[in-house]
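Show me the folded form of this:
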Amino acid sequence: MQKQKYFIYLLLLIYSALAAYTIYHFDGTGDNGDSILHYLHARYAPQHPEVYFYHWSKPLFVLLASPLAQFGFVGIKLFNALLALGSIFLTFQISKMLNQKSPGVASLMLICTPLYYILTFSGLTEILFGFWLCLGLYFYLKEKRITALILFSFLPYTRSEGLIILVVVVLFLLIEKHNRLLPYLMVGSVIYSIAGYFVYHDFLWVFTEIPYSKLSSQYGNGKLTHFVDQLFYVVGPIIYLLLITGIISIIRNAIKSKFKNPSQYIVLAFFVTYFVAHSMFWWLGIFNSMGMKRVMIAVAPMVAILSTAGYDWMTNWMKEKNRIAGTVISVMLILAIIIFPFTHNKAAIHLYRDLGKTNEQKMAQGIADKASSLHQPNSLYLLSNPIFYEYLNLDPFNNQTCKGLSTENLNKVRKGDIVIWDNWFSVIENNVLIEMLDSNSRINLIEKYECEQDGRMVEMRVYEGK
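Here you go, the predicted model:
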């Protein structure tokens, strides 16, 4: 066990060095939409305190990320990297508490989960969710239940899926006959309800303002097995195989022991409930689900722990048959886990594609320079793509300098105003079609731009009010 202790410290040191290198050498943002918006909300919340209580922004994320976000996008990357570092350590501790033989492998698998590493260097909220889930689970397994339940109670304010986790926690409290502790799961909502009252003048805002609480989605729907397929591209084939093996071995052990000591199965319950819920949301086309594979990153630490159960079972079984063969298999699996992220597989990490600026962002940077040269004092920017708020150094909540590109705002364009249209955010999010601009007598087309990004043609146009 002493060797395991040194191993986790070595992993934390290696991860810290990798994270520092990535932050210094790569200027990507994880994605072009939500990642940038979450960062902008965290950055500008101190000037607009109501943003701390926007449900879409994830109130706890904004609160915790805001200090480092003041240093720019590098700050938000550092924030998520620190959370990932904490998750790596907590994954090790939780694995030990569950009596797994290879807790160091659990941490290694989390580090080597390709999409987890990529999205750590973004403004996305999945990394905080995973850390907070680990933190609550750590205290739960230490039987410091009140601390754990208070932590869990804030989970919905890191991401709305926290409500799914709370259902699981309630079920386990009932199974373990800790009914009297249930009220502690309301602590987070009570605190935010009171604090946010001064913004919404409604104590129930924590429920009524949830942006996903509708049985529809503007993004359509897909097949029920969508996330079964997509999870492969989140974790890669080795961890995917070990995850399946781990789930089977845990269920097998649970049946053999007649579900004795329910806490041993809470990680499985968290993952399966979360996975099934998102599969249903996308299949039914509800709660504005987009079927994005990145939502699985929120439970990546749980995947690592479950996969370690598969690793332990597989290697132990082999060692019972032949000790030398079992040792060889265990070493080969560890090497495969480490090497896979650096292969040319679609699910692996492609450094400049995944961590650097995209073609779309490079084009947007040039457009921002052009728009800035055209801009006149007291003129407004009208735009949809979040990246322009960053490249033009705009406060998205200051209507004196910029506004969203909507039909209403388009009909109020003044002379000198700059309009930046794109064929994704302007169309999908704001329903502003290119025909609306071409037929608008208030503006002139200055220039149009095109580039290819991930197999689709990205088009952007710059207009000026006349």
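
my guess is residue 367 meets residue 420, correct?
Yes - in this structure, residue 367 is within contact of residue 420 by CB atoms under 8 Å, at 6.6 Å. (Glycine included, C-beta is placed from N, CA and C.)

For stretch 245-261, the averaged confidence score.
Across stretch 245-261, pLDDT averages out at 87.

in it, what counts as buried?
Within stretch 245-261, the residues scored as buried using 16 or more other CB atoms under 10 Å are 245-247, 249-250, 254.

same question, stretch 157-165
Buried residues in stretch 157-165 (16+ other CB under 10 Å): 157-165.

Ok, stretch 144-153 next?
Here stretch 144-153 shows 145, 148-153 as buried, counting by 16+ other CB under 10 Å.

and what of stretch 433-444?
437, 442-443.

what residue is smack in the middle of this structure?
residue 126 (2.5 Å; CA atoms, centre = their mean).

Got the phi and psi for it?
phi -60, psi -30 (degrees, to the nearest 10).

Just to check, it is in contact with residue 294?
Yes - using CB under 8 Å, residue 126 makes contact with residue 294 at a distance of 6.3 Å.

In the chain, where is pLDDT below threshold?
1-3, 213-216 (pLDDT under 70).

Following the chain past the helix or strand harbouring residue 20, name the next helix or strand.
Assigned by DSSP states H and E, residue 20 falls within helix 2-25. Of the helices and strands lying after helix 2-25 in sequence (DSSP H and E), the nearest is helix 34-44.

which helices and strands does whichever helix or strand comes after that following helix pack with?
Heading C-terminal from helix 34-44, the first helix or strand you meet, by DSSP H and E, is helix 59-69. Helix 59-69 is packed against helix 34-44, helix 73-97, helix 126-141, with contacts defined by 3 or more CB pairs under 8 Å, 6 or more residues apart in numbering; DSSP states H and E.

could you redo the last one with a cut-off of 10 Å?
Here helix 59-69 touches helix 34-44, helix 73-97, helix 126-141, helix 187-200, going by 3 or more CB pairs under 10 Å, 6 or more residues apart in numbering; DSSP states H and E.

quick one, which of these is nearest to residue 290?
Judged by CB to CB, the one of these that comes nearest to residue 290 is helix 34-44, at 9.7 Å.

Pull the most distant pair out of the buried residues of stretch 157-165.
157 and 164 (13.9 Å).

Is the closest residue to residue 139 other than its chain neighbours inside a helix or a strand, and which specific one?
Residue nearest to residue 139 in three dimensions, not counting chain neighbours: residue 148, with 3.9 Å by CB to CB, 6 or more residues apart in numbering. Here residue 148 sits within helix 145-153, counting by DSSP H and E.

Buried residues in the following helix or strand past that helix, which are they?
Sequence order places helix 162-175 as the next helix or strand after helix 145-153, per DSSP H and E. Of the residues in helix 162-175, 162-166, 168-169, 172-173 count as buried by neighbour count, 16+ other CB under 10 Å.

what angle do helix 162-175 and helix 145-153 make?
Helix 162-175 runs at 150 degrees relative to helix 145-153, counting by axes from the mean of the first three to the mean of the last three CA atoms, to 10 degrees.

what's helix 162-175 packed up against?
Secondary elements touching helix 162-175 (3+ CB pairs under 10 Å, 6+ apart): helix 126-141, helix 145-153, helix 187-200, helix 266-284.

6 Å - rerun?
Applying 3 or more CB pairs under 6 Å, 6 or more residues apart in numbering; DSSP states H and E, we find helix 162-175 packed against helix 266-284.

What lies in contact with stretch 361-370?
387-388, 391-392, 449, 451, 460 (CB atoms under 6 Å, 6 or more residues apart in numbering).

tell me how far that stretch is from the chain's mean position?
26 Å (CA atoms, centre = their mean, to the nearest Å).

Check stretch 163-176 too.
For stretch 163-176, the distance to the chain centre is 23 Å (CA atoms, centre = their mean).

got it, and stretch 261-275?
Worked out by CA atoms, centre = their mean, stretch 261-275 lies 20 Å from the chain centre.

And stretch 289-297, by the same measure?
8 Å.

which residues touch residue 262?
Contacts of residue 262 by CB under 6 Å, 6+ apart are 175-176.

Any figure for the gap between it and residue 375?
Going from residue 262 to residue 375 by CB to CB, to the nearest Å gives 61 Å.

Residue 116 too?
From residue 116 to residue 375 the distance is 39 Å (CB to CB).

and if you look at residue 24?
32 Å.

What of residue 87?
42 Å.

Compare these two (neighbour count), which wins?
Higher neighbour count among residue 87 and residue 375: residue 87, with 26 against 17, using other CB atoms under 10 Å.

Would you enumerate the residues in contact with the more buried one?
Listed by CB under 6 Å, 6+ apart, the contact set of residue 87 reads 130-131, 134, 301.

A strand includes residue 445, no?
Yes - remark: residue 445 belongs to a strand, assigned using DSSP: H, G, I helix; E, B strand; the rest coil.

Residue numbering should commence at 36 henceforth.
With the count now opening at 36, the last piece we talked about shows up as residue 480.

Return the residues in contact with residue 111.
Neighbours of residue 111 in contact, by CB under 6 Å, 6+ apart: 74, 104, 158.

Can you name the residues that contact residue 171?
Per CB under 6 Å, 6+ apart, neighbours of residue 171: 183, 186-187.

Residue 357: which of these is nearest?
residue 183 (42.0 Å).
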